[in-house]
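Next one to model:
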Amino acid sequence: MVVIFEYIWDIKMDLLLGLVVSVLFILAAEFRYFIRKERMRWGRRILLLCLGVYFSLLFALTISPVYGGWSLSNIGKNINLTPFQVLEVAALDYVNFFGNLILFVPFGILLVLLSYRCRNIFVTAAFGLILSIGIEVMQLFSLRSTDIDDVLLNTCGAVFGFLIGKILLHIFPSLQCIREILGKGSKVRYGGGIFLLFISVFLSVCAHGYTERMSIHLNVTSQHFNHLSIEAANIYLCEQDVDYPLYERNSHARIAPASTTKLLSALTALDFCALDEVVTVGNEIYKISEDSSRAWLYPGHQLTIEQLLVALLLPSGNDAAYTLAVYTGRKIAQSIDLSEIQAIRLFVEKMNEKAVSVGAVHSYFTTPDGYDDPKQYTTAYDLAQIANACLNIRILREIMDCYEISQTWTSGEQITYHSTNELKNPLSPYYHPQVIGLKTGSSLAAGDCLISAVKIGKKIYICVVMNSTEKGRWTDTLQLYRLLETL
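Predicted coordinates for the structure are as follows:
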């Protein structure tokens, strides 16, 4: 509940704009009715005001340029036209599932109360479907996904709203007359002006979004990032869910990903596995290189997917990456007889598909752990897109936000893992209390790397630092965050 109120506070300007535009719309309608010697009922005025504020909330949550990161370069990056996939991950991301459902319930209620024509369930469902499709089309230009499941959930939400509206009309018969216009003219008119209200609020939210994006960019660039002593060769700094760099350096150059790859491995596994599934570690762990970071898994150990994700992300276990890859690959193929190599290859294929779906279109992965391979590459920009997707998955964010996690595995072993991120270590000179994970990486080809996020005020920022030094990845990141704190 606190998170909801915080988000509403963040978009308070959009809500205020919706309120102002709605008042202006009602005044214009009142003037037209005054000329005709007609007038609206107070109930209708209040409902139109609610509808305008609802539209502003809806657009701020879904397609505002400042929150969605509009760009022509986003077209085609994150599209899902396969229906009902949301049901497979609803337990992992219930906020997205129920959020898309609840989001359109007020729309259905308000349509039923404002329009006699919308007291037909098919008409209300059609309007919900059209509005949702319009939003998804607009999201083709943003970081947020265009998903057929969102359309289905939104339409169901509008239908639920219709049913609630009909119940309200039955319980409170006086609401039946809210739709009426009083005066010498026709007693009842169809509210075609609702479309004008829709367009007016939409334009106001978009105008505010572009203004905010420009002000953020001007404010940050005025701080002269180039005067900082940054060692990293590749950097991308942005606000969460906003495809707009506050600072970047060679962010589109091809680089080795190292263990930052494990963020993508975790995302991919969650597309196919439930958190409580039990995994038995096999001989796949012997495929890792001798100098790999480890979670000290051995054949016969049994642990859940959630525990395996901890072993993957906190100590950065390459053995955990291969265990996750083999288990998930066999599950995808629905064959426990699939060889380890075949399972890993199938999992990596799904990793690359997942990368494209979250906007990392200039990357190619060949291993689940990110160990150096000449054929494997990514960019700082792409890693920011992957990190953004991870932050939006509750369980991943919770794991990566911890410095220490103790577990008792299904097979009885008691394990304590610590994060490899010094920004999360309270005893480290680089400790920052507002930092959220996310993932370290280190290899000959990639140098020392860090993907992290920080909460400053009400906003979360993502910072990708690649090809730095052991000390530099911490100091580079802290310099960038401290600069943001001064803005």
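
do you know how far the residue lying closest to Leu152 once chain neighbours are set aside is from Asp147?
Spatial nearest neighbour of Leu152, excluding adjacent residues (C-beta to C-beta, 6 or more residues apart in numbering): Pro83 at 6.4 Å. Every residue, glycine included, has its C-beta placed from N, CA and C. To Asp147, Pro83 is 9 Å away according to C-beta to C-beta, to the nearest Å.

These two: who's more crowded?
Asp147 (22 against 12; other C-beta atoms under 10 Å).

Verify the stated contact: that one with Glu136.
Yes. Between Asp147 and Glu136 there is a contact under C-beta atoms under 8 Å: 6.9 Å.

Overlap in contacts, these two.
Overlap of the contact sets of Asp147 and Glu136 (by C-beta atoms under 8 Å, 6 or more residues apart in numbering) is empty.

For Asp276, grab the count of nearby residues.
The burial count for Asp276: 11, using other C-beta under 10 Å.

Please enumerate the strands of the stretch 51-200 of the chain.
For the stretch 51-200 of the chain, strands defined by DSSP state E, counting those that start in this stretch occupy the ranges 79-80, 146-147, 181-183.

tell me the centre residue of this structure?
With distances taken as C-alpha atoms, centre = their mean, Asn392 lies nearest the centre of the chain, 4.3 Å away.

Tell me, please, where in the stretch 1-150 of the chain the pLDDT is lower than the cut-off.
1-10, 66-78, 86, 88-95, 143-145 (pLDDT under 70).

Buried residues, stretch 404-424. List them.
405, 407, 409, 415, 417, 419-424 (16 or more other C-beta atoms under 10 Å).

can you give me the end-to-end distance of it?
Terminal residues of stretch 404-424 lie 9 Å apart, using C-alpha to C-alpha, to the nearest Å.

circling back to that earlier point, where does the residue nearest to the centre of the chain sit relative to Tyr461, distance-wise?
15 Å.

swap in Leu103?
Distance from Leu103 to Tyr461, by C-beta to C-beta: 26 Å.

do the same with Ser132
On the measure of C-beta to C-beta, Ser132 and Tyr461 end up 30 Å apart.

out of those two, which sits in the busier spot?
Higher neighbour count among Ser132 and Tyr461: Ser132, with 24 against 20, using other C-beta under 10 Å.

Grab the nearest non-local neighbour of that one.
Per C-beta to C-beta, 6+ apart, closest to Ser132 is Asn154, 3.7 Å.

Please give the number of neighbouring residues around that neighbour.
26.

quick one: pLDDT of it?
Per-residue pLDDT puts Asn154 at 94.

isn't it right next to Ile102, touching?
No. Counting by C-beta under 8 Å, Asn154 stays clear of Ile102, with 10.0 Å between them.

and Leu19, what are its phi and psi?
Main-chain torsions, Leu19, degrees, to the nearest 10: phi -60, psi -50.

now Thr280
In terms of degrees, to the nearest 10, the main-chain angles of Thr280 are phi -100, psi 120.

before we move on, what about Pro299?
phi -50, psi 130.

any idea which of the buried residues of stretch 404-424 is closest to Gly282?
Trp409 (15.0 Å; C-beta to C-beta).

Name the nearest residue to the closest one, sequence neighbours excluded.
Nearest one to Trp409, counting by C-beta to C-beta, 6+ apart, is Leu303 at 4.1 Å.

Tell me if I'm right that that neighbour and Val278 touch.
Yes. Between Leu303 and Val278 there is a contact under C-beta under 8 Å: 7.2 Å.

Overlap in contacts, those two.
With C-beta under 8 Å, 6+ apart as the test, Leu303 and Val278 both reach Thr410.

which one of the two has more residues nearby?
Leu303 (25 against 14).

what bridges to the more buried one?
Val279 (DSSP bridges).

OK, contacts around it?
Counting by C-beta under 8 Å, 6+ apart, the residues that Leu303 touches are 278-279, 281, 311, 407, 409-411.

got the end-to-end distance for stretch 369-384?
Terminal-residue distance, stretch 369-384 (C-alpha to C-alpha): 18 Å.

How far off centre is that stretch?
22 Å (C-alpha atoms, centre = their mean, to the nearest Å).

How much space separates Leu81 from Val279?
31 Å.

With neighbour numbers in mind, choose between the two.
More neighbours surround Val279 than the other of Leu81 and Val279, with 24 against 9 (other C-beta under 10 Å).

So the more buried one is in contact with Gln302, correct?
Yes. Shown here, Val279 and Gln302 form a contact pair, counting by C-beta under 8 Å, at 7.0 Å.

Quick one: end-to-end length of stretch 238-245, please.
Across stretch 238-245, first to last residue, C-alpha to C-alpha, it's 5 Å.

Would you state the helices of the stretch 101-250 of the chain in chain order?
105-114, 121-138, 148-171, 193-221 (DSSP state H, counting those that start in this stretch).

Of those helices, which is nearest Glu470?
helix 193-221 (27.6 Å).

average pLDDT for the closest one?
On average, helix 193-221 scores 76.

and if you look at stretch 478-487?
Per-residue scores along stretch 478-487 average to 85.

Repeat that for stretch 374-391.
Per-residue scores along stretch 374-391 average to 95.

chain center to it: distance?
15 Å.

Would you mark the buried spots in that stretch?
Applying 16+ other C-beta under 10 Å to stretch 374-391 flags 376-391 as buried.

Stretch 121-139 too?
So for stretch 121-139, counting by 16+ other C-beta under 10 Å, buried means 123-125, 127-129, 131-133, 135-136, 138-139.

Identify each buried residue in stretch 470-487, please.
Neighbour-count burial for stretch 470-487 [16+ other C-beta under 10 Å]: 472-481, 483-484.

ok, now which ones touch the residue nearest to Ser229 when sequence neighbours are not counted?
Once flanking residues are discounted, Ser229 sits nearest to Gln479: 7.1 Å by C-beta to C-beta, 6+ apart. Each residue near Gln479 by C-beta under 8 Å, 6+ apart is listed here: 228-230.

Please settle this for me: is Gln479 part of a strand?
No. Gln479: not assigned to a strand; according to DSSP: H, G, I helix; E, B strand; the rest coil it is helix.

what's the distance between it and Asn425?
Applying C-beta to C-beta to Gln479 and Asn425 gives a distance of 18 Å.

Perfect, that will be all.
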